[in-house]
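# return atomic coordinates for the entry below.
(chains A and B)
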There are 2 protein chains.
Amino acid sequence: LSCTIEIIGVGNELLVGKIANTNAQWLSRVITSLGASVRRITDVGDNIEDIASAVKEALYRKPRWIILTGGLGPTFDDVTLEGIAKALETTLELSSTAMEMVKERYERYEKITGEKIDLTPSRVKMAMLPKGSNPLKNPEGTAPGIIIQKNDTTIVALPGVPKEMQAIFESSVQHLIKRTAGDLIVYEKSLKAIGVIESTLAPLIERVMRNYPRVYIKSHPKAPEPIPIIELNFSTSSKSLDTAKSDVENACRELAGLISSQGGRVEEI
Amino acid sequence: LSCTIEIIGVGNELLVGKIANTNAQWLSRVITSLGASVRRITDVGDNIEDIASAVKEALYRKPRWIILTGGLGPTFDDVTLEGIAKALETTLELSSTAMEMVKERYERYEKITGEKIDLTPSRVKMAMLPKGSNPLKNPEGTAPGIIIQKNDTTIVALPGVPKEMQAIFESSVQHLIKRTAGDLIVYEKSLKAIGVIESTLAPLIERVMRNYPRVYIKSHPKAPEPIPIIELNFSTSSKSLDTAKSDVENACRELAGLISSQGGRVEEI
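Predicted coordinates:
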């Protein structure tokens, strides 16, 4: 797959184990289904230096996309945009389009609650974007996302709140990735292998992958002795659904045969 | 905190969104409670080049520890040890201690199942370790972990199966990290702020953090209008539990007062 993507999660909560990076998981799943491929996921803290160095290192590897999540809000430790600006050796400037998005959101909030919302520095901060970037409308919250081009890489920053991250991705980013990914179709299937241990399976998997070089087979041990259970995931990508499907089905059939010759059996999942 | 740690998760399943990296979450939580601090989490695929470059880049940042999870098993795509060897510019060699651990495990399996287990290349592979490393006994599975020193950084590799990863960490790694982390105690407390929006809270949090520079306060929006709910996490680390506790409690009290002056209120969580 040629459209490679790196994901950078920003937030101290990721580094102290308060949460797992389920944003990266959600994005990876969607990106894979679009025919693009996530090459690396990096989590860093709410810290300008660490964000900037993660972005610079990712740029150095020349992925087609870098997607950051988290750190776009109004608080002092929301510093993702500053980190991106530093990585790109530029500064933040007020985006009037982003400011309109933020204002619109607060006007809505004022109407609902009757409370008056002033445009304090914390609020204006969400419209201070790295020079050259465009804001992405946030249908579910206040802080806009951003998109900015650097050489052949497109950088996107999205909020960390999952509902907001997903809404901006689906409304403003997904179709662009789909376009850069081409028309690859990803096809996968999982089987459960019962009664053979992983080290017995290993050479059988290798043999089937040699026979079906476009199919990738990954084993995940689920239960050890006395009756081992191993999940087998078969996947491939192709421009043709028919090719993808028949490659995977044939590889499944061949491996199932080899497993039963070793005294095991397979079940569909 | 001066004992910094980087975690590297290895596995294509992380990059296609099949699972979230809950191993990194578990490790981060335990490491934080030991008084050490996770600086970065990186996920890469089952690919020697990507593993090697993640390890080399981490070494360049000079953390006290690098902990890898995943890719230690018998299958062709378990290549974490090869990746580490490449990063350290060394090769793999058979460790007789590791070989004993693997054999012992299979002898146990033979006894339970009556099945004869030959030492095939797939099985011997788990005892081929980067030169200079020592194996770590796996109480829950076959593949041993490893530990190896590079300059001031200790590198540890653990299996990806959570039960095995946790068992090796708890029996062989935890006490070593505790020792390098010193005697820092981490203290934290969470409050729910109700009825003020995040951009109103932002300058209040900044003020309290200026008054209590050892306390870190992070806000997590939980619900938007009409009645906003924001979780506030207060944390600090100190050699004295009394100091840690009174810093956090005082900071909580001051922020609660500021929130109620803005028409909101707080609840303990």
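# write out the residues of the stretch 51-200 of chain A neighbouring chain B.
Residues of the stretch 51-200 of chain A lying close to chain B (Cβ under 8 Å from any Cβ of the partner chain) are A:54, A:57, A:73-77, A:108-109, A:112-113, A:115, A:117, A:120-123, A:126, A:140-142, A:161, A:197-199. Quick note: C-beta positions are derived from backbone N, CA and C, even for glycine.
# wait, what's in contact with the residue lying closest to A:S33 once chain neighbours are set aside?
Setting aside the residues directly before and after it, A:S33 is nearest to A:V186 in space (Cβ to Cβ, 6 or more residues apart in numbering or on different chains), at 6.1 Å. Taking Cβ atoms under 8 Å, 6 or more residues apart in numbering or on different chains as the definition of contact, the neighbours of A:V186 are A:T32, A:S33, A:G35, A:S235, A:T236, A:S237, A:A244.
# tell me if I'm right that A:N21 and A:V44 touch.
No - the pair A:N21 and A:V44 fails to qualify as a contact (Cβ atoms under 8 Å) at a distance of 11.2 Å.
# find the residues that touch each one of the two.
Common contact partners of A:N21 and A:V44 (Cβ under 8 Å, 6+ apart): A:G9.
# how about the strands in chain A?
For chain A, strands defined by DSSP state E occupy the ranges A:4-10, A:37-44, A:65-69, A:92-94, A:128-130, A:134-136, A:145-150, A:153-158, A:185-194, A:216-223, A:229-238, A:265-268.
# residues touching the fourth one, excluding its own?
Judged by Cβ under 8 Å, 6+ apart, the contacts made with strand A:92-94 from elsewhere in the structure are A:L81, A:E82, A:A85, A:V124, A:A127, A:M128, A:L129, A:P130, A:K131.
# over to the third one?
Applying Cβ under 8 Å, 6+ apart, the external contacts of strand A:65-69 come out as A:3-10, A:23-24, A:27, A:36, A:51, A:55, A:58-59, A:80, A:84, A:153-160, A:165, A:169, A:173, A:177, A:180.
# hang on, the earlier thing: in helices, which of the residues of the stretch 51-200 of chain A next to chain B fall?
Secondary structure assignment by DSSP state H places A:A54, A:E57, A:R108, A:Y109, A:I112, A:T113, A:P121, A:S122, A:R123, A:E198, A:S199 of those in helices.
# for B:E206, which of the strands of chain A is the nearest?
Taking Cβ to Cβ as the criterion, B:E206 comes closest to strand A:128-130 out of those, the separation being 16.4 Å.
# adjacent strands (with direction) for that closest one?
As defined by DSSP bridges, the strand partners of strand A:128-130 come to strand A:92-94 (antiparallel).
# number of nearby residues for the closest residue to A:L119 other than its chain neighbours?
In space, and not counting its chain neighbours, A:L119 is closest to A:K103: 7.2 Å by Cβ to Cβ, 6+ apart. The criterion is other Cβ atoms under 10 Å in any protein chain shown. On that basis, A:K103 has 16 neighbouring residues.
# dump the contacts of strand A:92-94 to JSON lines, plus neighbour count.
As requested, these are exported to JSON lines (neighbours: other Cβ atoms under 10 Å in any protein chain shown):
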{"residue": "A:L81", "neighbour count": "25"}
{"residue": "A:E82", "neighbour count": "18"}
{"residue": "A:A85", "neighbour count": "25"}
{"residue": "A:V124", "neighbour count": "16"}
{"residue": "A:A127", "neighbour count": "24"}
{"residue": "A:M128", "neighbour count": "17"}
{"residue": "A:L129", "neighbour count": "24"}
{"residue": "A:P130", "neighbour count": "24"}
{"residue": "A:K131", "neighbour count": "12"}
